[in-house]
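Chemist: When you get a sec, could you give me coordinates for this:
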Amino acid sequence: MQITAIEPRRKGLSALYIDGEFAMKLDTEVILAHRFDVGREIDDEQLHACVLDSDRKRCKDKALWLISYRDHSRRELFDKLKKDYGEESCKAALCRMEELGLIDDGRYARRYAADLFNIKHLSERGVRQKLYEKGIDRDLIDEVLDEFTVDEDEQIRAIIEKKYARSLTDDKGRRRCANALARMGFSYSSIRSVMREYTEIEDE
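Modeler: Residues are numbered from 1 along each chain as shown. Take a look at the predicted model:
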């Protein structure tokens, strides 16, 4: 097989032409590193090695780009990378991100849990579910949640004050509020107890 053309493309890619036909787009830096030049004869093994290196590099670059925007759990990052790259490249990228300290499920879980408790005012059950959805290991979830002390009634009050205080004047509004709180993982006993405080205020 002979390389007959290498044409620059967007986003650091170059189009590789073999025997006069377009073959694929590869990372330009990787093409240079493999010394692929127009007119060079290559075999399947050399082409395959270049393709793998390009995939790995692009995958690591994508991982760095995603992390630059916000923190990710390991599985969350893997799922995003897997949409565009091979599993081997994704695992290599994750290992490199961990080596650099850019992903750490313990650190991520603690930050995320703190935000969910303090900003979203979720219940412990709701936070547990959110962490599980992000791919956090169940044992790590238990460890992280043991570090937080949360008053469920206070969480419910915060949510009601923020979103539902004006909706508790009729049955429809109260049902809407109760259902929303239940979806957040609060127990029905806590929901009823706190909502009763607001309905009693309305009755006064």
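Chemist: Find out how far stretch 127-141 is from the centre of the chain, if you would.
Modeler: Chain-centre distance of stretch 127-141: 13 Å, with CA atoms, centre = their mean, to the nearest Å.
Chemist: Could you give me the buried positions within it?
Modeler: 127-131, 134-137, 141 (16 or more other CB atoms under 10 Å). C-beta coordinates here come from the backbone N, C-alpha and C atoms, glycine included.
Chemist: and what of stretch 40-48?
Modeler: Judged by neighbour count (16+ other CB under 10 Å), stretch 40-48 contains these buried residues: 42, 47.
Chemist: contact partners of that stretch?
Modeler: Residues from elsewhere that reach stretch 40-48 (CB atoms under 8 Å, 6 or more residues apart in numbering): 1-3, 18, 23, 34, 36.
Chemist: what would these look like in JSON lines with neighbour count, pLDDT and secondary structure?
Modeler: Below are the contacts of stretch 40-48 laid out as JSON lines (neighbours: other CB atoms under 10 Å; pLDDT from 0 to 100; DSSP: H, G, I helix; E, B strand; the rest coil):
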{"residue": "1", "neighbour count": "13", "pLDDT": "86", "secondary structure": "coil"}
{"residue": "2", "neighbour count": "12", "pLDDT": "90", "secondary structure": "strand"}
{"residue": "3", "neighbour count": "19", "pLDDT": "90", "secondary structure": "strand"}
{"residue": "18", "neighbour count": "16", "pLDDT": "92", "secondary structure": "strand"}
{"residue": "23", "neighbour count": "16", "pLDDT": "91", "secondary structure": "strand"}
{"residue": "34", "neighbour count": "18", "pLDDT": "91", "secondary structure": "coil"}
{"residue": "36", "neighbour count": "19", "pLDDT": "90", "secondary structure": "coil"}
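Chemist: Good, wrapping up.
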